[in-house]
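S.K.: starting from these lines, generate the structure:
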Amino acid sequence: MLSGLKKSLVACWLALITTPLLAVSVYETQAEFLERAFAGTPPQPEVVWLSGERKSTVHQLLGHDYPALRLRYWCKKGSSAWVLEEIGRELPITVGVVIDKDYIRSLRVMTYRENRGGEVATPSFTDQFNGAALRVDNTLNTNIDGISGATMSVHALTRLANMALFLHNDTGCHNGA
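M.R.: I've put the predicted structure just below:
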């Protein structure tokens, strides 16, 4: 018969080997993202409310409601920066999107929390979004090549790219506001 201490140690050991470890990779902080997006000091944040027609369109783009009612974004001389989150397979992926006029200048994974599919954070994948714009039907005007084993993460980033482009256009930031 095991003593109380030994039972506790065995229980802890079993919990460690049977519980998958949470793999969180932080590639860029929000402050670093904004400094890169605006080559120095970013503008003050603005707020966009996800309500009415805007909420409906975001729902169509994502396939579900965005979990926040309002979003902060940064806008300066026709460029905007967005920090958005979308579920990959099970956990949120935090993505930073920089848009110039009507095109994506940069899309980067800021934080990746899944155990698999982290290849979507590599520049060889995210650079595919550079230069992408929205068609009239709110889809990207370019094809994004998938990654085997990361399909859900690829789709999450694509949905966020669509959403950021839509919101950029919808807020009037593309007019140089």
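S.K.: drop to CA atoms for contacts and neighbour counts, all remaining ones
M.R.: Fine.
S.K.: what about the longest helix in this protein?
M.R.: Ranked by residue count under DSSP state H, the longest helix found in the chain is helix 151-171.
S.K.: buried residues, that helix. List them.
M.R.: Of all the residues in helix 151-171, those buried under the rule 16 or more other Cα atoms under 10 Å are 152-169, 171.
S.K.: do you have the helices of this structure handy? List them.
M.R.: Along the chain, counting by DSSP H, helices occupy 4-18, 30-37, 52-62, 123-126, 151-171.
S.K.: nearest to Cys75, out of these?
M.R.: Closest of the helices of the chain to Cys75 is helix 151-171, at 8.8 Å (criterion: Cα to Cα).
S.K.: is it correct that Ile78 is in contact with Asn175?
M.R.: For residue 78 the amino acid is Gly, not Ile. Yes - in this structure Gly78 lies within contact range of Asn175 using Cα atoms under 8 Å: 5.8 Å.
S.K.: more crowded one of these two?
M.R.: Counted by other Cα atoms under 10 Å, Gly78 and Asn175 do not tie: Gly78 has more neighbours, with 17 against 13.
S.K.: centre of the chain versus the longest helix of the chain, how much separation?
M.R.: On the basis of Cα atoms, centre = their mean, to the nearest Å, helix 151-171 is displaced by 8 Å from the centre of the chain it belongs to.
S.K.: hey, C-alpha coordinates of that helix in CSV?
M.R.: In CSV, the C-alpha atoms belonging to helix 151-171 read as follows (Å, rounded to 0.1, in the frame of the first residue of the first chain):
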residue,chain,number,x,y,z
THR,A,151,-5.8,23.2,-42.5
MET,A,152,-7.9,24.7,-39.8
SER,A,153,-5.2,27.3,-38.9
VAL,A,154,-4.8,28.2,-42.6
HIS,A,155,-8.6,28.8,-42.8
ALA,A,156,-8.5,30.9,-39.6
LEU,A,157,-5.8,33.2,-41.0
THR,A,158,-7.6,33.5,-44.3
ARG,A,159,-10.9,34.4,-42.5
LEU,A,160,-9.0,37.1,-40.5
ALA,A,161,-7.4,38.5,-43.6
ASN,A,162,-10.9,38.9,-45.2
MET,A,163,-12.2,40.4,-42.0
ALA,A,164,-9.4,43.0,-41.6
LEU,A,165,-9.7,44.1,-45.3
PHE,A,166,-13.5,44.4,-44.9
LEU,A,167,-13.2,46.5,-41.7
HIS,A,168,-10.4,48.6,-43.2
ASN,A,169,-12.7,49.5,-46.1
ASP,A,170,-15.8,49.8,-43.9
THR,A,171,-14.2,52.2,-41.4
